[in-house]
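Colleague: next input, structure requested:
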Amino acid sequence: MGLINIRKIKILVIALVFVGLPFLASAAETINKFVAVVNDEVITQQDIDQLLAVLYAQYSQEFKGDELLQKMEHVKKDILNQIIEDKLVLSRAKELGIKVTESEIDERLDYIKKGFPSEEEFYKTLETQGVTMANLKDRYRDQIMMKKLVDYEVRSKISVLPSDVSAYYEKHRSDFREGDKYRVKNILIKAKDDVSIELVKVEINDIYKKLKEGGNFDELAKQYSQGPNAEKGGDMGYIEKGQMLEALDNAIFKLKPGEFSEPVKSEIGYHIFKVEDIQYGRQGSLEEAQKDIQMMLFQVKFKEKVNEWLSGLKKKAYICIK
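Modeller: Below is the predicted model of the structure:
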């Protein structure tokens, strides 16, 4: 398994046991005040800080600087509600007497261990993070218990009918059509700065005039273009909408085979495009799209039902936010 996957598995270990990061080290030195009470369970400031640390560890793999700070500020607004919901679900699972076997926990542990180069590296990571095997097993037990409850009370009661799938397909047929592919050629004249852009504009207009007078696109591309495909007559091969900048897409994808565009300005200079051929995308069948649609509709229903279910748990629970 590659380094990236190993890193993700290590973050998962951190997330499952709510281990803090250095920037939250001072939290242990402050008074661990009560933040909320859910039935007979207490949520403390430390609970919140530890979960924030987990999310920080995850987000810091994707975001940096101000963007990371903005993500964390957004998360802080919902963090208490997330912990309250976890407590409610766990409380309900215990109320119904949902059991988790040691073999189920060991299976989860084995999966995590496989993400490390060796078992020794796995235990070394736990040690450096200050996590005991008992901590890890307790967290896995809670997670498996919560998942079993959600499967029993929500997931098992959701169904997606074939009529739901076909109705969605008919309404969104274009979503299951493969994109058209355009074989494109281009002539590019680059501009180094704002001064040279005006000179480039004069040059590209002169080329455009030659094309309108019947000039051969391939020969003009070989003679004038500064693009990487100039020697091939500007041939870029087949492209799909979305691969180029929006302004360039707008110029290309309105052309018919054999047509060329007016000069188009971009950050690097001016372009003229010519469409040689169009391969029209094939419409995917209902049978091909069925599994994807079914999964998507199930997830939509699942999200709605989970929210309704959690709202019901909240109404029946004693929740006091300090």
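Colleague: which stretches of the stretch 151-300 of the chain form strands?
Modeller: 181-190, 235-240, 264-266, 269-279 (DSSP state E, counting those that start in this stretch).
Colleague: TSV for the ones you listed, including mean pLDDT and distance to residue 225?
Modeller: In this view, the C-beta of every residue, glycine as well, is placed from N, C-alpha and C. Output for the strands of the stretch 151-300 of the chain, formatted as TSV (pLDDT from 0 to 100; distance: least, C-beta to C-beta, whole Å):
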stretch	mean pLDDT	distance to residue 225
strand 181-190	96	4
strand 235-240	96	11
strand 264-266	94	14
strand 269-279	97	9
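Colleague: which sections of the stretch 1-150 of the chain are below the confidence cut-off?
Modeller: For the stretch 1-150 of the chain, applying pLDDT under 70 flags the ranges 1-32.
Colleague: let's see that with 80 instead.
Modeller: 1-32, 50-51, 53-55, 57-58, 61, 77, 128-131 (pLDDT under 80).
Colleague: residue 235 and residue 210, how far apart?
Modeller: Going from residue 235 to residue 210 by C-beta to C-beta, to the nearest Å gives 19 Å.
Colleague: who are the neighbours in contact with residue 218?
Modeller: 185, 233, 234 (C-beta atoms under 8 Å, 6 or more residues apart in numbering).
Colleague: of those residues - the most surrounded one?
Modeller: residue 234 (25 neighbours; other C-beta atoms under 10 Å).
Colleague: dihedrals phi and psi, that residue?
Modeller: When read as degrees, to the nearest 10, the backbone of residue 234 gives phi 80, psi 10.
Colleague: for it, give me its contacts.
Modeller: Residue 234 neighbours (C-beta under 8 Å, 6+ apart): 185, 186, 187, 188, 217, 218, 221, 222, 225, 227, 274.
Colleague: let's see 6 Å
Modeller: By C-beta atoms under 6 Å, 6 or more residues apart in numbering, the contact list for residue 234 reads 185, 186, 187, 221, 225.
Colleague: what packs against the helix or strand hosting residue 123?
Modeller: According to DSSP states H and E, residue 123 maps onto helix 119-128. Judged by 3 or more C-beta pairs under 6 Å, 6 or more residues apart in numbering; DSSP states H and E, helix 119-128 is in contact with no other helix or strand.
Colleague: for the host helix or strand of residue 105, which outside residues touch it?
Modeller: Residue 105 is located in helix 102-113, with elements delineated by DSSP H and E. Here helix 102-113 makes contact (C-beta under 6 Å, 6+ apart) with 119, 122, 137, 140, 141, 144.
Colleague: where's the second one relative to residue 248, distance?
Modeller: What that stands for is residue 122. Distance from residue 122 to residue 248, by C-beta to C-beta: 49 Å.
Colleague: any idea of the angle the helix holding residue 105 forms with helix 119-128?
Modeller: Per axes from the mean of the first three to the mean of the last three C-alpha atoms, to 10 degrees, the angle that helix 102-113 makes with helix 119-128 is 100 degrees.
Colleague: buried residues, helix 102-113. List them.
Modeller: Residues of helix 102-113 classed as buried by neighbour count (16 or more other C-beta atoms under 10 Å): 105, 108, 112.
Colleague: stretch 200-219 too?
Modeller: Buried-residue list, stretch 200-219, by 16+ other C-beta under 10 Å: 200, 201, 203, 204, 207, 208, 210, 211, 217, 218.
Colleague: which stretches of the chain form helices?
Modeller: Secondary structure of the chain (DSSP state H): helices at 3-17, 45-59, 65-95, 102-113, 119-128, 133-153, 162-171, 194-212, 217-224, 246-252, 286-316.
Colleague: Throw those helices into JSON lines and include distance to residue 177, thanks.
Modeller: As requested, the helices of the chain are arranged in JSON lines below (distance: least, C-beta to C-beta, whole Å):
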{"stretch": "helix 3-17", "distance to residue 177": "33"}
{"stretch": "helix 45-59", "distance to residue 177": "36"}
{"stretch": "helix 65-95", "distance to residue 177": "35"}
{"stretch": "helix 102-113", "distance to residue 177": "38"}
{"stretch": "helix 119-128", "distance to residue 177": "47"}
{"stretch": "helix 133-153", "distance to residue 177": "35"}
{"stretch": "helix 162-171", "distance to residue 177": "11"}
{"stretch": "helix 194-212", "distance to residue 177": "32"}
{"stretch": "helix 217-224", "distance to residue 177": "30"}
{"stretch": "helix 246-252", "distance to residue 177": "17"}
{"stretch": "helix 286-316", "distance to residue 177": "10"}
